[in-house]
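[1] Quick one: sequence and predicted model below, then my questions.
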Amino acid sequence: MSPPAEAPPDAPRPVHVKAARKVFRPAGRDPVVAVDGVSFSAPRSTLTALVGPDGGGKTTLLRMMAGLVAPDGGSIRILGFDVAADPQPVHERIGYMPQKFGLYEDLTVGQNMALYADLHGVDRDARATVFPRLLKMTDLGPFTGRLAGALSGGMKQKLGLACTLVRSPELLLLDEPTVGVDPLSRRELWAIVRQLVGESGLTVVVSTSYLDEAAFCDHTVALHQGRVLAEGTPAEITARAAGRVFVATSGPATPARQLQAHLFQQPGVVDAVPEAGQVRVVVEQPGLPPRADDALVVACTPTAPRYEDGFMVLFRAAVGDAPAASIDLTRRPDGPAELPVVEVSDLVRRFGDFVAVNHVSFAVRRGEIFGLLGPNGAGKSTTFRMLCGLIPASGGTLRVAGADLRNARAEARQRLGYVAQKFSLYGDLSVHENLDFFASAYGLRGKAKRARIAWAKAQFELEAVARVPSGQLPGGYKQRLAMAAALLHEPGILFLDEATSGADPLARRAFWGRITHLAEQGVTVIVTTHFMEEAEYCDRIIIMDGGSALAMGPPAEIRAQARSGDGHEPTMEDAFIAIVEAARQVAREAAA
Amino acid sequence: MSSGPTPGSSLRRLLALTRKETWQILRDPSAIAIGVVLPLLMLILFGYGLSFDIRNLPVAVVVEQASDETTSAEAALRLSRYFVVHPTRTMADAQRRLAAHEVNAILRFPPDFARDLARGEATLQLVVNASEANTARMAAAYVRGAISTWQARDAHDGHPAPEIPNVTLEQRLWFNEANRSQWFLVPGVIVLVMTLIGALLTSLVIAREWERGTFEALFATPVRRGEILLSKIIPYFAMGMLGLALSVVGSQVLFGVPLRGSLWLLVLVSSLYLLVALGIGLVISTKTRSQFLANQITFLVTFLPATMLSGFIFDIRSMPVALQFITQVFPARYFVSSLQTLFLVGDVWALVLPDAAVLAAMAAVLMGIAYRSTHKRIA
Amino acid sequence: MVDTLFRIFALIRKELLAVLKDPKSRVTVLVPPILQCLIFGNAASYDLNRVPYVLLDLDHSGASHALVAAIEGSGVFERAATLDDASQIAEPITRRQAALAVVIGHGFERRLMHAETAQVQVITDGRNTNTAGTAQGYLGTITADFAEAWRADHGYPATPGVRIETRAWYNPNLETRWNMIPSLIGSITMMMTMILTAMSVAREREAGTFEQLLVTPYRPTEIMIGKAVPSMLVGLVQASSILLVAQLWFRIPFAGSYGLLYLCLVEFLAASVGIGLFISSIARNLQQAMIGSVVVVMPFMLMSGLTTPIMTMPDALQALTALNPLRYAISMTREIYLEAAGIRQLLPEMLSLLAIAAITLPIAAWMFRNRMA
């Protein structure tokens, strides 16, 4: 997508950021330079992506562009206005969606949308065309009367986007709009945004941690530690990885994730991710396939680079070594390997008339990584909460480590670790205080406690931020802290609810490295995720929609279900969308 | 989808925000609790529960040597509705009962009471438990009253008392002839309700918007800061007025508290106070973004002064001078003074006008500060 | 068992850190109680002094001057104006320049000389029935003393009458402050601890940390204890600071046993914390928790005997105060502080508080787990 021909090249650009700088000075601690001399501009009618790791300055930059944070230096001109001096004219012309869209949770979906329509001056006629479209895009149509607070996390995110898009502004600023949104909705959401750019000549600046999304933007700006790491069209960024990308195939006995873990640790390897049963590898030296254990790699063929590969090349050059992704338990979970650790049969959960989980059954063996996948509102989180004993089941049985945690003794809960969807450690306590508290909560004390805390700080590289209140940490650190707190007591079972949402690619690699390593040491891991490629790390996955299980099995089997005649191997995302859409089609036909 | 800036009208945004706030109020039981339940509850408690009028006070009566005189004096005490007489044999026993709170006072007739009385000078001993000073003082006064009534009637066995020079008080209580403390307490309900709605509720709702991050998306819309402020003022103003209506109607229906001043003046003064309370709530919430702190500070600067330093229970004129001075900073005292006058006396312009002027000035200043310190910025 | 204690200790430590780490909230925990105590102690008094009054002396005689001197010599009344005519009374009273008017009629002295009863008219402002009543009481005493002195001066034999010799136990000068300030120990700490407790759970629910807590091996009872103890500790610190102000600033002598006082305070705080936890387990969010505690604290305060005695309330309301922990706290602190009461005397109150705590705390613990969805 290139700028329309009618826009002269010297026309004032809607976004013009020059040497912008922002320093936060928290009381009693060292100042933090959040944005350090960033310059970039966005031409009219283009889609610009801000990418980069957590704490890179994306959110602060967007907030400064929206006039919500006053810059400490540089100039920011939005639509020709100096936004720092006079934000009001900018507010009248832009749409802005914050990372965590503050919905009024005690208002209904329809009331939230009507409020923003009124605030943006959208009249009744326009509403009659816009609302149905937004509701269709977000699948919120059936829920207009529901309170926003009663929506699932992903649905809230979509409602936030719908509220932002009630009118089409001159400039749209979106801060990670698709975090926690399922692949189906993500596709629809981007279709809308691109359509706005194409039809209405809208200019969009979006920050994202989904690099596949950056790939179809017109321009991308990679931020790292408050500075611009690289800037260019997706093609330019992608070109950085030219000749360096290979696809490695493992032998039948080796799961792809094991090969990935192996390759990722090899010298000269920039990136390795499992992909459709194989492993995609990016190397430092163009044309030189990765060195690897011959016993693992059966074949290694060059392939075309994509945006993410280019980004990783740039990024690894700036960051240096990948964080240690291994993790060593001092005490491995015991018990026979083949015994199911988590057993769910015929699980039902109703909220009033609404059936959130509808007769779901599965079993997870010791040391297995089990993935729960599904669109927003599929019932994943509800299932999770029942497994953890937070809400009672309406029907069916569930056993975790041989007990129903709902009424199990405290000792049963001792065996599990839980990382919630939303960061839920004590924000006003420091990293160390949080670790100390959770260690004690799990019965650790004295020397053992100190040893475990030291272990956690070392494993998750938290030593440097030990004194920082955890609420002020950047997202990636929060996620690591949450993991560290959940692993202090070396649980045999780990529950991770959308633990990688909003995390940057490098953090996600490190996260999965640790998970893989934990599973190898016998830890059972149950995980939900919206990154479909992450399902490749799982031993088995279950796909849910509307509270029911649609498919279950190893990733390869699931992918096979979606294999079409053209011989092209579908990605997990393709498979997921095909399965969910097929099931919805059946449901519609049954209803009709 | 239309293109280009369509800021829409300010009125429309204001209406939308006000409607949103109203929906939130209607969905939140805590708002109803503070707007409707609390006024009624306080009205009933103030009206029926709080009273300074002592009755059935248990008194131990120790008669060391029974005589006709002691019997008739004791009977006089028994007849009084203020006391319940507990005849007690010995002083030691009575003292034990006083210490154990079985009785609140001891009245002791000494051994030679009858003889002394005949001689013209008898002494009674009264011991009160003064760990509640007010009750003790009233108990002492009532005992004194009962004894002197008895003396006047019975001590002279029907013979007219010899003429002696004496001074008596003829007491008249203006504006509240029947001496009903409800009439004096009920206006206080209005002050408390308005303070809670105006300052506490408003500062909490705004702090909540900060805590939940709802302001971030709101600030980036065409909405202006004045509209945000007004949208917080209008619904809670309406709620405060509802509280006023409930209190006024309730106090008239339940306790017959008269409204001798004019209704419009009452509404005007109340509106001014409500604006001041709202102004305090708004200013506090621009300074603190946490509900806990907003709650603590609001309580300290509005609610406590409204109960303790407003003259609604404790007369300002009895306070130390320094404290009297401090009360002038708090708006509640002006409102309480006007309310008491408007309810019980009438439109006393010389009193109400200065109070209203002070409240209006305070409201203007606070609103100005709130407007100036509100920015559509999050950092 | 030891494990449980360590776990609870960790929770208590965490709670205290959360409250005391932030200097702002540290200030809001300590300063308001002391400030409130100082202000209440000075403001909350039914004792009168320097009450402005207007005088209309139509007699202008030696006797009337002597009476006026007696009135003003008491220190309670301060003349705001001297009037010449009855028509002038309305204005100062209506405008609140004076709280009362004293009218000495013509022939005041003549009547006394003729051994008659002379009347003094007192007009009080009914907008504050308290002040009016107290002022009348003072004036009654002053005039009675005046009459007696007048008789003595004019050679009349001492009135054949009954003199009442009054002794006030525990508070010899009948100062309101003496009973008000010990009562504040309970009132102030209740307000703070209840709100603090109600908030602590609601805040965790809002932040999602409560779920994290429920997934750990903590039992509901342990969480309940871990939530209750820090609030009680904060309450004890506040109570101690008020106790210090009472003795060092207001110089009210402490008569009883500190051990017993603290034992009673612990019980009382447990009961208020139980109610706070109960509110927070019902509340859906922080705002509801806070408003809920305000709506509950208000009637507790009004019906506690703090401002008006319990025994003047209607019987039905008196019976309801049995549920009010503050009522017990106020009577207990007064009895210990001023009367040096022993444990035997306080047993009924202590048992009542124990019962309140024993009902609310377990309900709250049960609600933790069962009000999750």
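    Alright, I've got the coordinates.
[2] Unless I misread the structure, C:Glu78 falls within a helix.
    No - using DSSP: H, G, I helix; E, B strand; the rest coil, the assignment for C:Glu78 is strand, not a helix.
[3] and it, how many neighbours does it have?
    Counted by other Cβ atoms under 10 Å in any protein chain shown, the residues lying close to C:Glu78 total 15. C-beta here means a position set from N, CA and C on the backbone, and glycine is covered the same way.
[4] right, and it touches C:Val54 too?
    No - between C:Glu78 and C:Val54 there is no contact under Cβ atoms under 8 Å: 10.6 Å.
[5] residue contacts, A:His91?
    Under the criterion of Cβ atoms under 8 Å, 6 or more residues apart in numbering or on different chains, the contact list for A:His91 reads A:66-67, B:219-223, B:376.
[6] Give me the domain ranges for the chain.
    Defaulting to chain A. When chain A is parsed with automatic domain parsing, its domains come out as A:15-232, A:243-304, A:423-490.
[7] wait, chain C
    As given by automatic domain parsing, the domain ranges for chain C are C:2-44+C:175-370, C:51-153.
[8] returning to what we had before: dump the contacts of A:His91 to CSV, plus pLDDT, neighbour count and distance to chain C.
    As requested, those are exported to CSV (pLDDT from 0 to 100; neighbours: other Cβ atoms under 10 Å in any protein chain shown; distance: Cβ to the nearest Cβ, whole Å):
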residue, pLDDT, neighbour count, distance to chain C
A:Ala66, 93, 29, 26
A:Gly67, 92, 27, 28
B:Phe219, 91, 23, 21
B:Ala220, 89, 27, 24
B:Thr221, 89, 27, 24
B:Pro222, 90, 23, 28
B:Val223, 90, 26, 22
B:Lys376, 86, 19, 23
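[9] looking at the domains of chain A, which has the lowest confidence?
    Of all the domains of chain A, the minimum mean pLDDT falls on domain A:243-304 (a mean of 82).
[10] end-to-end on it?
    The stretch domain A:243-304 measures 8 Å between its terminal residues, going by Cα to Cα, to the nearest Å.
[11] How about residues contacting the helix or strand A:Val205 falls within?
    Secondary-structure assignment from DSSP states H and E places A:Val205 in strand A:203-207. Applying Cβ under 8 Å, 6+ apart, the set of residues contacting strand A:203-207 from outside is A:14-15, A:42-51, A:58-59, A:61-62, A:65, A:170-177, A:193, A:196-197, A:213, A:217.
[12] who does it pair up with?
    Note on strand A:203-207: by DSSP bridges, its sheet partners are strand A:47-51 (parallel), strand A:171-175 (parallel).
[13] Quick check: which of these has the most neighbours on average?
    Among the strands paired with strand A:203-207, strand A:47-51 has the highest mean neighbour count (mean count of other Cβ atoms under 10 Å in any protein chain shown), at a mean of 26.
[14] That strand: how far from the chain's middle?
    Relative to the centre of its chain, strand A:47-51 is centred 17 Å away, using Cα atoms, centre = their mean, to the nearest Å.
[15] Extract the C-alpha set from that strand and format it as CSV.
    Included here for strand A:47-51 are C-alpha records, laid out as CSV according to Å, rounded to 0.1, in the frame of the first residue of the first chain:
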residue,chain,number,x,y,z
LEU,A,47,-0.1,2.8,8.1
THR,A,48,2.9,3.1,10.3
ALA,A,49,3.8,0.5,12.9
LEU,A,50,5.9,1.1,16.0
VAL,A,51,7.6,-2.2,17.0
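[16] what's next to it, contact-wise?
    Contacts of strand A:47-51 (Cβ under 8 Å, 6+ apart): A:1, A:15, A:40, A:42, A:58, A:61-62, A:193-194, A:197, A:203-209, A:211, A:213-214, A:216-223, A:311.
[17] List the ones among the residues you listed that fall in helices.
    Secondary structure assignment by DSSP state H places A:58, A:61-62, A:193-194, A:197, A:211, A:213-214, A:311 of the contacts of strand A:47-51 in helices.
[18] Out of the residues you listed, which is nearest to chain B?
    Proximity of those to chain B was ranked by Cβ to the nearest Cβ; the top entry is A:Leu62 with 9.9 Å.
[19] Number of residues surrounding that closest one?
    A total of 24 residues lie near A:Leu62 under the criterion other Cβ under 10 Å.
[20] got it, and C:Met1?
    C:Met1: 5 surrounding residues under other Cβ under 10 Å.
[21] Okay, buried residues for the longest helix anywhere in chain B please.
    Using DSSP H to assign secondary structure, the helix with the most residues in chain B is helix B:225-255. In terms of neighbour count (16 or more other Cβ atoms under 10 Å in any protein chain shown), helix B:225-255 has its buried residues at B:225, B:227-241, B:243-244, B:246-248, B:250-251, B:255.
[22] so is the closest residue to C:Gly208 other than its chain neighbours in a helix, a strand, or just coil?
    In space, not counting the residues next to it along the chain, C:Gly208 is nearest to A:Ser424; the distance is 3.5 Å by Cβ to Cβ, 6 or more residues apart in numbering or on different chains. Remark: A:Ser424 carries the secondary structure label coil [criterion: three-state DSSP].
[23] On the pLDDT front, check the residue nearest the centre of chain B for me.
    Nearest to the mean C-alpha position of chain B, counting by Cα atoms, centre = their mean, stands B:Gly188 at 4.0 Å. B:Gly188 carries a pLDDT value of 83.
[24] ok, now the one 3 residues further on?
    Residue-level confidence at B:Val191 comes out at 91, pLDDT.
[25] With the one 3 residues further on instead?
    The predicted local distance difference test score for B:Met194 is 90.
[26] May I have the phi/psi pair for it?
    Per-residue torsions, B:Met194: phi -70, psi -40 (degrees, to the nearest 10).
[27] same deal with C:Arg163?
    C:Arg163 adopts backbone torsions of phi -100, psi 140, taken as degrees, to the nearest 10.
[28] and if you look at C:Thr308?
    Here the main-chain torsion angles of C:Thr308 (degrees, to the nearest 10) amount to phi -130, psi 150.
[29] Next, count neighbours for the nearest residue to A:Pro12 once chain neighbours are set aside.
    Counting by Cβ to Cβ, 6+ apart, A:Pro12 lies nearest to A:Gly80, which is 5.6 Å off, once chain neighbours are set aside. Neighbouring residues of A:Gly80 were enumerated by other Cβ under 10 Å; the total is 12.
[30] what's the spacing between A:Gly80 and chain C?
    Note on A:Gly80: its distance to chain C, by Cβ to the nearest Cβ, to the nearest Å, is 41 Å.
[31] show me what contacts residue 88?
    The chain I'm using is chain A. Taking Cβ under 8 Å, 6+ apart as the criterion, A:Gln88 is in contact with B:222, B:224, B:376.
[32] that's the wrong chain, I meant chain B
    Taking Cβ under 8 Å, 6+ apart as the criterion, B:Thr88 is in contact with B:60-62, B:94, B:97, B:103, B:106.
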